[in-house]
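Peer 1: Predicted coordinates and the sequence they were generated for:
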Amino acid sequence: LDQVRDIFVFCCFTGLAYADVKKLTNADIVIGSDGEKWIKTRRTKTDTRSNIPILPIALAIIEKYEDDELLKEKDLVLPVLSNQKMNSYIKEIADCCGIVKNLTFHLARHTFATTVTLTNGVPIESVSKMLGHTNLRTTQHYAKILDMKVGKDMAVLRNKFM
């Protein structure tokens with residue numbers, strides 16, 4: 001379960017989809033023009049470029065597995081199980097933590113788009129590029145979800161003042 005948690009958290013901090021983290025190789029990790037490590041890869045779904053600066057939490061997870069012999073043999077960065085197993089174990093982890101929300105692996109990508117980037121002031125154009133979206137409208141879907149959440153949160157607050 002530790003590995004599943006690590007991969008889920010990694011995707012929360014990189015925005016990579018399951019198919020992309022599964023095929024992530026050491027060649028996809030590069031030093032950017034800013035001197036920091038970046039993931040530079042092509043999305044499996046759309047074949048568009050995806051360039052993502054690696055945040056410290058994600059980097060720590062990469063480093064945790066860099067000496068894994070099996071991963072070295074396959075030139076992979078992380079030990080990713082089948083999507084079915086990952087989702088099954090994510091649900092098991094949620095149960096252990098008392099989380100009632102229906103968690104799936106794809107939720108990690110949503111978390112990156114909303115909680116990690118947009119709510120922290122990263123411009124939507126930058127988020128769109130990191131997610132490898134071909135159309136800004138796709139990314140705007142995440143911004144709408146944020147607006148709905150803000151509306152619900154404020155409704156709770158509004159009721160406290162009535």
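Peer 2: Nice, thanks for sending it over.
Peer 1: Which helix runs longest in the chain?
Peer 2: Using DSSP state H, we find that the single longest helix of the chain is helix 136-160.
Peer 1: which helices and strands sit right next to that helix?
Peer 2: Helix 136-160 sits against helix 124-131, with contacts defined as 3 or more Cβ pairs under 8 Å, 6 or more residues apart in numbering; DSSP states H and E. The C-beta positions use only the backbone N, C-alpha and C, and glycine is treated the same way.
Peer 1: that older thread, in the longest helix of the chain, what counts as buried?
Peer 2: Within helix 136-160, the residues that count as buried by 16 or more other Cβ atoms under 10 Å are Thr139, Tyr142.
Peer 1: Please tell me how far it is from the chain's geometric centre.
Peer 2: Its chain's C-alpha centre and that of helix 136-160 lie 20 Å apart, by Cα atoms, centre = their mean, to the nearest Å.
Peer 1: And for stretch 65-72?
Peer 2: 21 Å.
Peer 1: how about the CA coordinates for it, as CSV?
Peer 2: What follows is stretch 65-72, C-alpha atoms only, in CSV (Å, rounded to 0.1, in the frame of the first residue of the first chain):
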residue,chain,number,x,y,z
TYR,A,65,12.7,4.5,-5.7
GLU,A,66,15.9,5.4,-7.6
ASP,A,67,17.9,2.4,-6.3
ASP,A,68,15.2,-0.1,-7.1
GLU,A,69,16.9,-2.7,-9.3
LEU,A,70,13.8,-3.9,-11.1
LEU,A,71,12.9,-0.3,-12.1
LYS,A,72,16.5,0.3,-13.3
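Peer 1: Let's test this: mean pLDDT of that stretch, rounded?
Peer 2: Mean pLDDT, stretch 65-72: 96.
Peer 1: Just the residues contacting it, thanks.
Peer 2: For stretch 65-72, the surrounding residues in contact (Cβ atoms under 8 Å, 6 or more residues apart in numbering) are Asp6, Val77, Leu78, Pro79.
Peer 1: Swap in 7 Å and give it another go.
Peer 2: Val77, Leu78, Pro79 (Cβ atoms under 7 Å, 6 or more residues apart in numbering).
Peer 1: Now it: buried residues?
Peer 2: So stretch 65-72, judged by 16+ other Cβ under 10 Å, has buried residues Tyr65, Leu71.
Peer 1: just the angle between the helix or strand of the chain with the lowest mean pLDDT and helix 124-131, please?
Peer 2: Of all helical and strand segments in the chain, the minimum by mean pLDDT, DSSP states H and E falls on helix 136-160, at a mean of 81. Angle, helix 136-160 to helix 124-131, by axes from the mean of the first three to the mean of the last three Cα atoms, to 10 degrees: 120 degrees.
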